[in-house]
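In: sequence and predicted model, in that order:
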Amino acid sequence: MAIKSIFQKQNKPGRRAQAMVEFAIALPILFALLYGIMEAGRMMLMYTLVINASREAVRYASAVGQGDDGYFKYKNCLGIKNMAQQAAVFVPLTSTTINYYDETGTGVGVCDRTTIGEDDISVDSKYTVKVSVQAQYSPMIVFLPISPKTITSTSTRTILGIFELPNP
């Protein structure tokens with residue numbers, strides 16, 4: 001008898017309308033939450049890709065030897081920038097700066113060439129190369145108050161060079 005009365009209460013008129021109103025109130029909150037989670041994930045992905053781009057570019061820039069194009073890797077500005085863009089996958093990089101420092105930390109040059117080839121920077125073993133990469137994040141849909149941000153990553157590495165090992 002008690003079970004029959006519970007089922008009868010659910011079929012009262014106006015119950016369906018109440019559920020539709022509750023759903024209409026909760027739906028924008030759920031969409032905002034879902035959108036916020038997606039945008040936060042997208043921003044973290046861009047942040048990770050920019051960090052990876054600076055690491056890969058500085059790794060390429062600190063390598064001694066010639067690349068596939070026949071130029072020395074540590075002097076090939078366009079090759080370093082291309083390596084950063086390849087590592088960033090689908091994130092368009094807004095700027096890539098490459099600086100060289102000697103053992104005392106004094107700047108010895110900036111690699112800012114935009115054509116293929118070697119720059120006229122005199123770089124030696126034990127010098128440091130520093131690559132800074134920037135990308136601009138902006139939300140896909142301006143729905144929540146998320147402002148555009150510039151994501152920057154800087155990586156530094158020492159150019160070790162080629163050393164001859166003594167014979168034992």
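Out: Looks like it arrived, so ask away.
In: and the spatially most central residue of the chain, helix, strand or coil?
Out: For the chain, Val50 is the residue whose C-alpha lies nearest the centre (C-alpha atoms, centre = their mean; 2.3 Å). Secondary structure state of Val50, per DSSP: H, G, I helix; E, B strand; the rest coil, is helix.
In: quickly note the distance from Gln136 to Val58.
Out: From Gln136 over to Val58 the distance is 21 Å, taken as C-beta to C-beta, to the nearest Å. In this view, the C-beta of every residue, glycine as well, is placed from N, C-alpha and C.
In: between those two, which is the more surrounded one?
Out: Using other C-beta atoms under 10 Å as the criterion, Gln136 and Val58 rank with Val58 on top: 25 against 14.
In: so what pLDDT did that one get?
Out: Looking at Val58, its pLDDT stands at 93.
In: over to Ser95?
Out: For Ser95, the model assigns a pLDDT of 90.
In: one more: the one 3 residues further on?
Out: According to the model's per-residue confidence, Ile98 sits at a pLDDT of 89.
In: likewise for Thr115?
Out: The confidence metric pLDDT takes the value 63 at Thr115.
In: again with Asp120
Out: So Asp120 comes in at 66 (pLDDT).
In: at which residues are the helices of this protein located?
Out: 2-10, 15-61, 77-87 (DSSP state H).
In: quick one: closest of those helices to Tyr100.
Out: Between Tyr100 and the helices of the chain, the shortest separation by C-beta to C-beta is 8.8 Å, and it involves helix 15-61.
In: who does the closest one touch, helix- and strand-wise?
Out: The contact analysis (3 or more C-beta pairs under 8 Å, 6 or more residues apart in numbering; DSSP states H and E) places helix 15-61 against helix 77-87, strand 93-101, strand 128-137, strand 149-158.
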